[in-house]
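S.K.: here is a sequence with its predicted model. Questions after.
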Amino acid sequence: MSVNRLKAFQFPCRDDNYGVILHDPQSGLTISIDAPEQEAIADVLESKNYRLTHILTTHHHGDHVEGNAGLKAQHDCQIIGPVEEQSRIPGIDKAVGHGDSFELEGHRVEVIGTPGHTLGQIAYHFPDQCMAFCADALFALGCGRIFEGDAEMMFTALNRLASLPDDTKIYAGHEYTLANAKFALSVDPNNEVLVTRAREIEHLRDDGKPTLPTTLEVEKQTNPFLRAGDPAIRQHLGMESASDLAVFTEIRARKDRF
């Protein structure tokens, strides 16, 4: 039996955020991944004549929840968010955490704990759709800055995401890819796949086109934050005998200073 596909619409919000609307034309299910900007999301919904049924919140930062209250007032939608941050998620109706799963109109959603950027951040994996919404945990060629957690938390979070199928489409919360590519080349300069990808990213951004979504397969080949065990990166850093966590921690520290 064929899988009923969700339609995904990605669009810019704020300065460098992305909004994503998922829609099932059969059931009318309409999901906003986070709510970074009420007006931008409302405009997409109006243009497509959709009624918002759910907001899936990844973490409490304002540029991901700013539109919660207004959109809920407009559409009477259900807001689902991280259990460890539920007191900081405006309008939350249902709290979920790592290892939980639920269904929305027959579409399975798996919750992956991705702390580090914040203590309770979560990602949403739609296994039947081969899509994961990683917000500020995993970016194209990067990972989130560690604000509330520590490097070990973030390393664990990224390993959880890296265990998803390689063909998983990765959606992230921000368009940071060009800057991430420049940093990635500084720690993995001889990676020919990365060099080629960096050129492609420059062309996309010059043309005003998004670099997301990406795929987990591409990230595993080019994202230094998923490649702490790579011998070339370890040699470049002079950390051949260090643990993967130590290498990851060094890469994250270098990105903070870059």
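M.R.: Structure's in. What do you need?
S.K.: how about the residue nearest in space to the middle of the chain, phi and psi?
M.R.: Most central in the chain under Cα atoms, centre = their mean is residue 134, positioned 2.3 Å from the mean C-alpha point. The phi and psi values for residue 134, taken as degrees, to the nearest 10, are phi -110, psi 0.
S.K.: for it, what are its contacts?
M.R.: Listed by Cβ atoms under 8 Å, 6 or more residues apart in numbering, the contact partners of residue 134 are 58, 114, 123, 161, 170-173. Using the backbone N, CA and C atoms, a C-beta is placed for each residue, glycine as well.
S.K.: now swap in residue 187 and tell me
M.R.: Residues near residue 187 by Cβ under 8 Å, 6+ apart: 224, 233, 236-237, 251, 254.
S.K.: just put the contacts of residue 134 in CSV and tack on pLDDT.
M.R.: Below are the contacts of residue 134 laid out as CSV (pLDDT from 0 to 100):
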residue, pLDDT
58, 98
114, 98
123, 98
161, 98
170, 98
171, 98
172, 98
173, 97
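S.K.: re earlier: by neighbour count, which of the contacts of residue 187 wins?
M.R.: residue 224 (28 neighbours; other Cβ atoms under 10 Å).
S.K.: that one touches residue 234, doesn't it?
M.R.: No. In terms of Cβ atoms under 8 Å, residue 224 does not count as a neighbour of residue 234; the distance is 11.0 Å.
S.K.: re earlier: nearest to residue 20 among the contacts of residue 134?
M.R.: residue 171 (5.6 Å; Cβ to Cβ).
S.K.: was I right about that closest one contacting residue 20?
M.R.: Yes. Between residue 171 and residue 20 there is a contact at 5.6 Å, judged by Cβ under 8 Å.
S.K.: who touches both of those two?
M.R.: 8, 10, 33, 133.
S.K.: so the second one, which state does it fall into?
M.R.: It refers to residue 10. At residue 10 the chain is in strand, as set by DSSP: H, G, I helix; E, B strand; the rest coil.
S.K.: ok, it to residue 26 distance?
M.R.: 21 Å (Cβ to Cβ, to the nearest Å).
S.K.: so between those two, which is more surrounded?
M.R.: Legend: neighbour count by other Cβ under 10 Å for residue 10 and residue 26, higher for residue 10 (15 against 10).
S.K.: in three-state terms, label the closest residue to the more buried one other than its chain neighbours for me.
M.R.: In space, and not counting its chain neighbours, residue 10 is closest to residue 20: 5.0 Å by Cβ to Cβ, 6 or more residues apart in numbering. Of the three states, residue 20 takes strand according to three-state DSSP.
S.K.: then residue 111?
M.R.: State at residue 111, reduced to three classes by three-state DSSP: strand.
S.K.: right, and it touches residue 124 too?
M.R.: Yes. Between residue 111 and residue 124 there is a contact at 6.6 Å, judged by Cβ under 8 Å.
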